[in-house]
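Asks: Here you go, sequence then predicted model.
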Amino acid sequence: MIAKLEEMHQGSFEEAWPCISKGKCTLYFDNTWVKEDYDSIMPDNVVKTLIEGSSFGSMFMSSYKNDHITAAAHAAPQKSLATQITKSKKWIFIDPMIAKEYHAVDENEFVSVLHSMSQDHDKVLKSTPRYEVITGPGDGVYFPEFWFHIVFTEGGLNTMTNW
């Protein structure tokens, strides 16, 4: 299935929150979040714990009616800690060495991706050694740099931040 975004525009969190929290918008991503942004939606003690030692955060919010794939197979050159705030996500992780052995990998300095496959995506993944993790509210998952991951997001107002 190919999904097409009908409309996309840049906007602040203040603009996006009323739209996404009411289910009128489907996706919000911002990789420039700072302490004050997190203070606006979380208690002080939670913000302090999450922010300490981090120079930035990326906020991911979605409001799909049903479960949805929100990140195709990709890997970044930095370590990540994803913390789930509401709803849940299913993560599929593939070791970088396994990814190179089983799939064509396109690498650049910012992100590595697995080439799109014309085969049945589920069938190909079933034959690839991988790890599956489900994160719920309050859970965090750490993954090293260059680990490929695919993310499936539970429907409804789903929020997660990545450090």
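Replies: Yep, it's here. Residues are numbered from 1 along each chain as shown.
Asks: Tell me, please, the helix or strand in this structure that averages the lowest pLDDT.
Replies: Lowest on mean pLDDT, DSSP states H and E among the helices and strands of the chain sits strand 112-114, with a mean of 67.
Asks: secondary structure element for S63?
Replies: strand 57-64 (DSSP states H and E).
Asks: Strand partners (parallel or antiparallel) of that strand?
Replies: Strand 57-64 pairs in its sheet with strand 27-33 (antiparallel), strand 156-162 (antiparallel), by DSSP bridges.
Asks: helices or strands next to the next helix-or-strand element following it in the packing?
Replies: Toward the C-terminus, strand 57-64 is succeeded by strand 68-75 as the next helix or strand (DSSP H and E). When contacts are defined as 3 or more CB pairs under 8 Å, 6 or more residues apart in numbering; DSSP states H and E, strand 68-75 packs onto strand 57-64, helix 96-102, strand 112-114, strand 148-153. All C-beta spots, glycine's among them, are computed from the backbone N, C-alpha and C.
Asks: List the buried residues in strand 68-75.
Replies: Along strand 68-75, these residues count as buried under the neighbour rule (16 or more other CB atoms under 10 Å): 68, 70, 73, 75.
Asks: pull the CA atoms of the next helix or strand after it into CSV?
Replies: Of the helices and strands lying after strand 68-75 in sequence (DSSP H and E), the nearest is strand 80-86. Extracted in CSV, the C-alpha atoms of strand 80-86 (Å, rounded to 0.1, in the frame of the first residue of the first chain):
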residue,chain,number,x,y,z
SER,A,80,19.2,6.8,20.5
LEU,A,81,17.0,6.5,23.5
ALA,A,82,13.3,6.5,22.6
THR,A,83,10.8,7.1,25.5
GLN,A,84,7.2,6.3,24.9
ILE,A,85,4.8,8.8,26.5
THR,A,86,1.3,7.6,25.3
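Asks: Strand 80-86 - which strands sit beside it in the sheet, and in what orientation?
Replies: Per DSSP bridges, strand 80-86 is paired in its sheet with strand 140-143 (antiparallel), strand 156-162 (antiparallel).
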